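A.B. asks: 3D model of this:
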Amino acid sequence: MALRTIRTFGDPVLEKVCRPVEKMTLRLQVLVEDMLETMYNANGVGLAAPQVGVLRRIVVIDTNFEEPEPIVLINPEILETEGEQTGDEGCLSLPGKSGTVTRPMKVKVKALDINMEPFELEAEGLLARAVCHECDHLDGVVYTSKVEGELHDVTYVDDEEMEEETEE
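C.D. replies: Coordinates of the predicted model:
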């Protein structure tokens, strides 16, 4: 596994529509592993293939902060949405920025897993937000187009800084 460079806002690849995955290859399996490693390394909850410069319909998500529970969505398609939630949203392609975005509270998505087996996932809350955000990336949509109001700066405190603060 290897860390991939995350493309940042303004990179034209983030505005392109991705191609479907027709078959799983070794190269795509490595891409998925690299995407997961890159997402975890950047402390993100989701990453789409175009964010690492690959125009394929592949998304990785993990919203479980306690124990890794990675979700791989290949060729995802949102089938249903329900309700709404409005909250702060950020993106690994726009580090240090955040904005208020309204998303569905619940989504139902169909996709293929890493073995190209079809499955459906019902998600709510943060997971639903992540699914919608990452699926937008596959269609060349960056969340900034959905921000209500202005983007604002966000500073993240890493675990070591938190430990130092609690020791004082």
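
A.B. asks: any idea how far residue 132 is from residue 119?
C.D. replies: Remark: distance between residue 119 and residue 132 (CB to CB, to the nearest Å) = 18 Å. The C-beta positions use only the backbone N, C-alpha and C, and glycine is treated the same way.

A.B. asks: so in this protein, where's the weakest helix or strand by average pLDDT?
C.D. replies: Between all helices and strands in the chain, the lowest mean by mean pLDDT, DSSP states H and E belongs to helix 159-167, at a mean of 47.

A.B. asks: specify the beta-bridge partners of residue 152.
C.D. replies: residue 98 (DSSP bridges).

A.B. asks: and the pLDDT for it?
C.D. replies: With respect to pLDDT, residue 152 scores 93.

A.B. asks: my read: it touches residue 97, true?
C.D. replies: Yes. Counting by CB atoms under 8 Å, residue 97 is a contact partner of residue 152 at 7.1 Å.

A.B. asks: where does the residue minimising distance to the centre of the chain land on pLDDT?
C.D. replies: The chain has residue 46 as the residue nearest its centroid, 2.5 Å off, counting by CA atoms, centre = their mean. At residue 46, the model reports a pLDDT of 98.

A.B. asks: so which bits of stretch 41-50 are buried?
C.D. replies: For stretch 41-50, burial by neighbour count (16 or more other CB atoms under 10 Å) applies to 44, 45, 46, 47, 48, 49, 50.

A.B. asks: need the CA coordinates for it. CSV is fine.
C.D. replies: This file holds the C-alpha atoms of stretch 41-50, laid out as CSV (Å, rounded to 0.1, in the frame of the first residue of the first chain):
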residue,chain,number,x,y,z
ASN,A,41,-3.5,9.1,7.0
ALA,A,42,-5.4,12.4,6.2
ASN,A,43,-7.9,11.7,9.0
GLY,A,44,-10.8,11.8,6.6
VAL,A,45,-14.0,9.8,6.6
GLY,A,46,-14.3,9.4,2.8
LEU,A,47,-12.2,9.6,-0.4
ALA,A,48,-13.3,9.3,-4.0
ALA,A,49,-11.0,8.1,-6.8
PRO,A,50,-10.8,11.4,-8.6
